[in-house]
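1. curious how this folds, go ahead:
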Amino acid sequence: MTTYKKSGVDIKLSDKFTEFLEKKSKAIGGFAGLLPIAETKNQYSLVASTDGVGTKLKLAFLLDRHNTIGIDLVAMCVNDLLCCGARPMIFLDYYATGKLDLARSKKIIEGIMEGCRQGESVLLGGETAEMPGFYQPGEYDLAGFSVGIVKNSAALDGKKVRPGDVLIGLRSTGFHSNGFSLIRKILDDRKLLKKYAARLLTPTKIYVKDINKLRSALRKKKYDVLALAHITGSGIPGNLPRVLPKSMGAVVRTDSWKVPVIMREIQRLGSIPEPEMWDSFNMGIGMIAVVRKEAVKTGLSALKGSVVIGEVVKGKNEVVIK
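-> Here you go, the predicted structure:
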């Protein structure tokens, strides 16, 4: 039996560190941070988020395939901005390596540019750092920084969510950029890792256009999205409660969609318990939109392939997987 903790990642410890940070700064919390703009009489806020690609980079190194990893970088940042209702505007990257390889670096930046195109953001700048002796030959690290804007009256904070509201799931393109320490522990044989690497490197879905389309369609019917949850590390159980009121939870019905085949294959190879799968991976749902029951038909029509996966209920701030 393989677990995320055995692979070296302790999700509960990470949650405790996040709680510590939130106590140190009231501005920290949620999927991104908001800063009211005084010059707009606090009608608008800047919204910012930062993230990386994680150990998914190890697969890029293994296959010497670097043209899509930049899409992952942008996706992990702009998808978080969406959860606050923000419109992504600018993106910056930090690229660090032991020795600069021009051909490889161009591929990485091309991926970032494609991510910015999908995420409707401008690559405004960044930093490239050569650090001899710090990274193994052929290895590098990436971090991204996304900034957007939101009208405060249109910001998403989950306060309007109530019992009976419906969860619409937007499908993922695979594992996205989470759980790869666990995946690599399971696929520790180089040949086995290479067998699955191409599928595992599928870039993270960027939901900017989908969410714009969804909100536009709902507003025409006098509705709107009530909350958005980006499903990253700690899965649906760890991310959905972040956008629900403390007095509410959710029921997610697993028979609403089919979990991607690749995830079940990894589960079988690692003998991963079912609860551990839900706590580690997105299980095929990369973003969840909370809407009123009356808005469901419009929402599903706006986003082909989306599916109702559950509902909001009274109770503890947790997700029940059925």
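
2. and the spatially closest residue to Ala75 that is not a sequence neighbour, how far from Ser280?
-> Of all residues not flanking Ala75 in the chain, Thr204 sits nearest, at 3.7 Å (Cβ to Cβ, 6 or more residues apart in numbering). Yep, even glycine has a C-beta here, placed from its N, CA and C like the rest. The span separating Thr204 from Ser280 equals 16 Å under the rule Cβ to Cβ, to the nearest Å.

3. next one: Thr298
-> 33 Å.

4. more neighbours, the two?
-> Between Thr298 and Ser280, counted using other Cβ atoms under 10 Å, the more crowded position is Ser280 (29 against 18).

5. test my guess that the more buried one contacts Leu182.
-> Yes: counting by Cβ atoms under 8 Å, Ser280 does reach Leu182; the two are 5.7 Å apart.

6. which helix or which strand is home to Phe145?
-> strand 140-151 (DSSP states H and E).

7. pull the distance from that strand to the chain's centre.
-> When C-alpha coordinates are averaged (Cα atoms, centre = their mean, to the nearest Å), strand 140-151 and its chain have centres 12 Å apart.

8. pull the CA atoms of it into CSV?
-> Listed next in CSV are the C-alpha coordinates belonging to strand 140-151 (Å, rounded to 0.1, in the frame of the first residue of the first chain):
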residue,chain,number,x,y,z
TYR,A,140,15.8,23.4,-13.5
ASP,A,141,13.0,24.8,-11.4
LEU,A,142,10.1,27.1,-12.3
ALA,A,143,7.9,29.4,-10.3
GLY,A,144,5.1,31.6,-11.6
PHE,A,145,3.3,34.8,-10.4
SER,A,146,-0.1,35.8,-11.7
VAL,A,147,-1.8,39.2,-11.1
GLY,A,148,-5.4,40.1,-12.0
ILE,A,149,-8.1,42.5,-11.0
VAL,A,150,-11.7,42.1,-9.7
LYS,A,151,-14.5,44.5,-9.0
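
9. by contact count, what packs against it?
-> Taking 3 or more Cβ pairs under 8 Å, 6 or more residues apart in numbering; DSSP states H and E as contact, the helices and strands that strand 140-151 lies on are strand 44-52, helix 57-63, helix 69-82, strand 87-97, helix 102-118.

10. turn these into a markdown table, including distance to Pro273.
-> A markdown table is the format used below for the helices and strands packed on strand 140-151 (distance: least, Cβ to Cβ, whole Å):
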| stretch | distance to Pro273 |
| --- | --- |
| strand 44-52 | 27 |
| helix 57-63 | 24 |
| helix 69-82 | 26 |
| strand 87-97 | 36 |
| helix 102-118 | 34 |
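
11. ranking these by burial, who's on top?
-> The highest average neighbour count among the helices and strands packed on strand 140-151, using mean count of other Cβ atoms under 10 Å, belongs to helix 69-82 at a mean of 28.

12. per-residue confidence averaged over that helix?
-> Predicted confidence along helix 69-82 averages 98 (mean pLDDT).

13. can you give me the end-to-end distance of stretch 129-142?
-> Between the opening and closing residues of stretch 129-142 lies a distance of 10 Å (Cα to Cα, to the nearest Å).

14. try stretch 161-172
-> Between the start and the finish of stretch 161-172 there is a gap of 24 Å, counting by Cα to Cα.

15. Lys213: neighbour count?
-> Neighbour count of Lys213, defined by other Cβ under 10 Å: 13.

16. show me what contacts it?
-> Lys213 sits next to 302-303 when contact means Cβ atoms under 8 Å, 6 or more residues apart in numbering.

17. quick check on it: phi, psi?
-> Reported as degrees, to the nearest 10, the phi and psi values for Lys213 are phi -70, psi -40.

18. where along this structure do the helices fall?
-> For the chain, helices defined by DSSP state H occupy the ranges 11-24, 57-63, 69-82, 102-118, 180-186, 190-200, 208-220, 235-239, 261-270, 274-280, 296-302.

19. closest one to Gly310 among the ones you listed?
-> Set against Gly310 and scored by Cβ to Cβ, the helices of the chain come closest in helix 235-239, at 9.1 Å.

20. helices or strands next to the closest one in the packing?
-> Against helix 235-239 (3+ Cβ pairs under 8 Å, 6+ apart) you get strand 227-230, helix 274-280, strand 285-291, strand 319-321.

21. could you redo the last one with a cut-off of 10 Å?
-> For helix 235-239, the elements it packs on are helix 11-24, strand 227-230, strand 248-252, helix 274-280, strand 285-291, strand 319-321, judged by 3 or more Cβ pairs under 10 Å, 6 or more residues apart in numbering; DSSP states H and E.

22. circling back: direction included, what does the strand holding Phe145 pair up with?
-> The sheet places strand 140-151 alongside strand 44-52 (antiparallel), strand 87-97 (antiparallel), with pairing taken from DSSP bridges.

23. what is the mean pLDDT for the first one?
-> Looking at strand 44-52 alone, the average pLDDT works out to 97.

24. and stretch 151-169, by the same measure?
-> The predicted model assigns stretch 151-169 a mean pLDDT of 96.
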